[in-house]
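[1] A predicted structure for the sequence below; I have some questions about it.
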Amino acid sequence: MSRLVLAKLIEHSWHIVVFTGAGISTESGIPDFRSPGGVWSRMKPIYFQEFVGDEEKRREAWTRAFSGTAGWTGGKPNAGHFAVARLVAEGKATSVITQNVDNLHQESGVPADQVIELHGNASYATCLECAERHELDDLKPAFIERGEVPHCRVCGGLVKTAVISFGQAMPEGPMRAAEDETLSCDLFLVLGSSLAVFPAAGFPLLAKQNGARLAILNRDATELDRYADLVLHDEIGPTLTEIIGHKAAP
């Protein structure tokens, strides 16, 4: 019955914002951050200030990045990602706000300019000085073969994976875009987020306060369930495939 209710909410909405957390990507084998067995139970996070101030911490961070230790990259989109991409392709969803850094929404067919990444992206790197983009495949040989910690080819500044680290400021552009989208939606659909991490978790409440419907699909209970119009504790891929379909294009 709850799946039918979600199907009706989607059917009667015309400006859906999809908000995704780690739960949509665990079905692709991407580990989450905080649960037992998650990334931070296996390794200590490297804070932004440590990365900037300590070359050994930078070296450790790049070792993790190039070895795939964190497991954030290398997965493939699953049925949940493709169902979201279908919503976007049909014009029902205008954007995907994501806490994930795995690039799987883009790989599933969502145009990059419709994915708002609150915590950055682990599939490439940027210069901390001039923001020049660097592809990991271009940086890897010098690090692996000669132990050279990456520096910017343009300005010589420090280069870091484009993930927002602990202690690093949230990106102003994506935060502003997420707020604008949240305030213009008629349905805010949360997929696979515990909604425990702020400021990102503030967007569902903002949407609800602005008159949008709020639907939460997450395997476990969230801290915002009591505010939602609909809560489903279910698997994302099978649920969305039943409601929406699995192909990226209609």
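    Yes, it's here.

[2] Now do the helices in this structure.
    Along the chain, counting by DSSP state H, helices occupy 2-11, 22-25, 39-42, 48-53, 55-67, 79-89, 104-107, 136-146, 172-184, 202-209, 236-243.

[3] where in the chain is pLDDT low?
    Scanning the chain with the threshold set as pLDDT under 70 gives 1, 32-43, 70-73, 245-250.

[4] My guess is residue 155 contacts residue 132. True?
    Yes: using CB atoms under 8 Å, residue 155 is in contact with residue 132, at 7.2 Å. Quick note: C-beta positions are derived from backbone N, CA and C, even for glycine.

[5] Contact partners for the nearest residue to residue 114 once chain neighbours are set aside?
    Leaving out its chain neighbours, the residue that sits closest to residue 114 by CB to CB, 6 or more residues apart in numbering is residue 95, at 5.1 Å. Taking CB atoms under 8 Å, 6 or more residues apart in numbering, we find residue 95 in contact with 17, 18, 88, 114, 115, 116, 177, 181.

[6] now those residues as TSV including distance to residue 226?
    Output for the contacts of residue 95, formatted as TSV (distance: CB to CB, whole Å):
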residue	distance to residue 226
17	20
18	21
88	29
114	30
115	29
116	26
177	28
181	24
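
[7] of all the residues you listed, which two lie farthest apart?
    88 and 177 (15.1 Å; CB to CB).

[8] ok, these two, which is more surrounded?
    The neighbour comparison of residue 88 against residue 177 (other CB atoms under 10 Å) goes to residue 88, with 23 against 17.

[9] That one touches residue 108, doesn't it?
    No: Residue 88 is beyond contact range of residue 108, at 9.3 Å (criterion: CB under 8 Å).

[10] ok, back up a step: relative to residue 138, which of the contacts of residue 95 is nearest.
    Closest approach to residue 138 among these (CB to CB): residue 115, at 22.7 Å.

[11] how close does the residue nearest to residue 114 get to residue 188?
    Relative to residue 188, residue 95 is positioned 11 Å away (CB to CB, to the nearest Å).

[12] dump the residue contacts of the residue minimising distance to the centre of the chain.
    The centroid of the chain falls nearest to residue 100 when counting by CA atoms, centre = their mean (2.0 Å). For residue 100, the contacting residues are 20, 21, 22, 24, 25, 30, 117, 119, by CB under 8 Å, 6+ apart.
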